[in-house]
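Participant: Just need the structure, nothing else, for what follows:
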Amino acid sequence: MIQYSCSHGGVYTINPSLVKVDFSSSINPLGISKKVLNALRKNLPKLSSIYPDNENSILKKKIIDYLGSPLTLDSINIGNGATELIYNFVRSFVRKQVVIPSPTFCEYEMASRKLGAKIKHVPLKNWKLDIDSILEKSKNSEAIFLCNPNNPTGLFSHHLERLIEGIDDSIKILIDESFIEFVDEKKHARTFIEKINEFKNIVILRSMTKSFGLAGLRLGYCVSHPSIARKISLNKITWNVNGLAQLAGVTALENLSHLRRARKIIKSEREFMHININKKLSSFSANESDVNYYLIHLHHGNSTQIRDLLLKNNGILVRDCSDFKGINDKYIRVAVKTHDENLELLNSLESVDK
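Facilitator: Model prediction:
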């Protein structure tokens, strides 16, 4: 039997003691906020010794306030990270066949294969969604997975409405917006959250792990029409989100200045890195991106060699993209971090530039 794997970034993908700066994980460059940390410290003794709220009631209300959309509590599901909700979505709606653009986040395929589903891959065209091919391959499929902005390419698609309107409404569409909060506001990154009552077959996924630097606590949510949300909730295990993660989410949503500061850093630092990589280095070129990570094209060597060399020489960990379906071994992905950290990456790339 063929075994399928799904690799991710992070310090535990290699020897953690070697890592000085982790550019392989695309989370808020400021990490967790001080206000969230203070709330966790203050409430740790109490929350550690009681069962968490199984309904996530307070957190759901904060999410509704944050999104500012006509949502109700029964249109929201909370997960132990967005990944748990991907698996719950698949358990709810997938049996035979799904459509997945490539390259994209590998957990869509992993979750679907565990249910025995056939995967119809649709290659990106010039790093963008091929809407016509997705529509064509959606026949006889139960679900479509769309990562927007896409991981690992970092590009936001403005053309999903044509796809959603053209798909049979029996086909469920998971739109993963885990990184949408990092898109520059001038890009007008439209979410379909306000459309969940109009298009009853779409599920919008968000990750507080990325937006608010809660990677170790694990927290995500999805919104959909209540009839869809109820089916997803049937696959939720009891107490799936611990009390500390719930508190962190509530506190983060009450203090949005942390996210706003991160957006400003991402916009300026991404531009700084693109200019310097593309103008000063001959072995590397940075791809266009709308979010807090970007692909770097390698003109010499391969992605595994460059990853290992940067790690060995400088303690810099980048994401080797050779295991993404649809990408060869000529790309690495790096996160946008603080200016000093980005300078370390730039200097490390310069040290291996040919």
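
Participant: From here on, just use CA atoms for contacts and neighbour counts.
Facilitator: Fine.

Participant: What segments of the stretch 51-200 of the chain are helices?
Facilitator: Taking DSSP state H, counting those that start in this stretch as the test, the helices found in the stretch 51-200 of the chain are 57-67, 82-93, 107-114, 131-137, 160-166.

Participant: Of all these, which one comes closest to residue 214?
Facilitator: When the helices of the stretch 51-200 of the chain are compared by C-alpha to C-alpha, helix 82-93 sits nearest residue 214, at 11.6 Å.

Participant: one step back: how about the helices of the stretch 51-200 of the chain in a markdown table, adding mean neighbour count and distance to residue 237?
Facilitator: Shown next, in a markdown table, are the helices of the stretch 51-200 of the chain (neighbours: other C-alpha atoms under 10 Å; distance: least, C-alpha to C-alpha, whole Å):
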| stretch | mean neighbour count | distance to residue 237 |
| --- | --- | --- |
| helix 57-67 | 16 | 16 |
| helix 82-93 | 21 | 10 |
| helix 107-114 | 20 | 16 |
| helix 131-137 | 16 | 33 |
| helix 160-166 | 14 | 30 |
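
Participant: So for residue 28, which of these sits nearest?
Facilitator: Evaluated over those, closeness to residue 28 peaks at helix 82-93, with 15.5 Å, by C-alpha to C-alpha.

Participant: Contacts only, for residue 125.
Facilitator: Going by C-alpha atoms under 8 Å, 6 or more residues apart in numbering, residue 125 touches no other residue.

Participant: separation between it and residue 153?
Facilitator: Separation of residue 125 from residue 153 (C-alpha to C-alpha, to the nearest Å) stands at 12 Å.

Participant: And residue 213, by the same measure?
Facilitator: Distance from residue 213 to residue 153, counting by C-alpha to C-alpha: 21 Å.

Participant: Kindly report the same for residue 101.
Facilitator: Counting by C-alpha to C-alpha - residue 101 and residue 153 are separated by 12 Å.

Participant: Which one of the two is surrounded by more residues?
Facilitator: Neighbours per residue, other C-alpha atoms under 10 Å: of residue 101 and residue 153, the larger number sits with residue 101, 26 against 23.

Participant: Quick check, the more buried one in contact with residue 145.
Facilitator: Yes. Residue 101 is in contact with residue 145 according to C-alpha atoms under 8 Å; the separation is 7.4 Å.

Participant: re earlier: let me have the helices of the stretch 51-200 of the chain in CSV, adding mean pLDDT and distance to residue 290 as columns.
Facilitator: Below are those laid out as CSV (pLDDT from 0 to 100; distance: least, C-alpha to C-alpha, whole Å):
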stretch, mean pLDDT, distance to residue 290
helix 57-67, 97, 21
helix 82-93, 98, 20
helix 107-114, 97, 22
helix 131-137, 95, 19
helix 160-166, 91, 16
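
Participant: Can you redo these as JSON lines, where the extra columns are distance to residue 284?
Facilitator: As requested, these are exported to JSON lines (distance: least, C-alpha to C-alpha, whole Å):
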{"stretch": "helix 57-67", "distance to residue 284": "39"}
{"stretch": "helix 82-93", "distance to residue 284": "32"}
{"stretch": "helix 107-114", "distance to residue 284": "28"}
{"stretch": "helix 131-137", "distance to residue 284": "30"}
{"stretch": "helix 160-166", "distance to residue 284": "32"}
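
Participant: Residue 241: what's it in contact with?
Facilitator: Residue 241 is in contact with 52, 54, 56, 78-80, 219, counting by C-alpha under 8 Å, 6+ apart.

Participant: mind checking the SS state of it?
Facilitator: Using DSSP: H, G, I helix; E, B strand; the rest coil, the secondary structure recorded for residue 241 is coil.

Participant: quick one: it from residue 54, how far?
Facilitator: Going from residue 241 to residue 54 by C-alpha to C-alpha gives 8 Å.

Participant: what's the closest non-adjacent residue to residue 73?
Facilitator: Of all residues not flanking residue 73 in the chain, residue 60 sits nearest, at 6.2 Å (C-alpha to C-alpha, 6 or more residues apart in numbering).

Participant: The one you found contacts residue 74, correct?
Facilitator: No. Contact criterion C-alpha under 8 Å: residue 60 and residue 74 do not qualify, at 9.1 Å.

Participant: what's the closest of the helices of the stretch 51-200 of the chain to residue 29?
Facilitator: helix 82-93 (19.0 Å).

Participant: Give me the angle between that closest one and helix 107-114.
Facilitator: Calculated by axes from the mean of the first three to the mean of the last three C-alpha atoms, to 10 degrees, helix 82-93 forms an angle of 40 degrees with helix 107-114.

Participant: and for helix 82-93, what are the contacting residues?
Facilitator: Helix 82-93 is contacted from outside by 77-79, 107-108, 111-112, 115, 142-143, 172, 178, 205-207, 218-222, 231-236, using C-alpha under 8 Å, 6+ apart.

Participant: For that helix, C-alpha coordinates in CSV please.
Facilitator: Extracted C-alpha coordinates of helix 82-93, given in CSV (Å, rounded to 0.1, in the frame of the first residue of the first chain):
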residue,chain,number,x,y,z
ALA,A,82,-7.3,24.9,11.6
THR,A,83,-6.0,21.5,10.7
GLU,A,84,-8.4,19.7,13.0
LEU,A,85,-11.3,21.4,11.2
ILE,A,86,-9.9,20.3,7.8
TYR,A,87,-10.2,16.7,9.0
ASN,A,88,-13.7,17.3,10.5
PHE,A,89,-14.8,18.8,7.2
VAL,A,90,-13.5,15.8,5.3
ARG,A,91,-15.2,13.3,7.7
SER,A,92,-18.4,15.2,7.2
PHE,A,93,-18.6,15.5,3.4
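
Participant: Brilliant, that's me finished.
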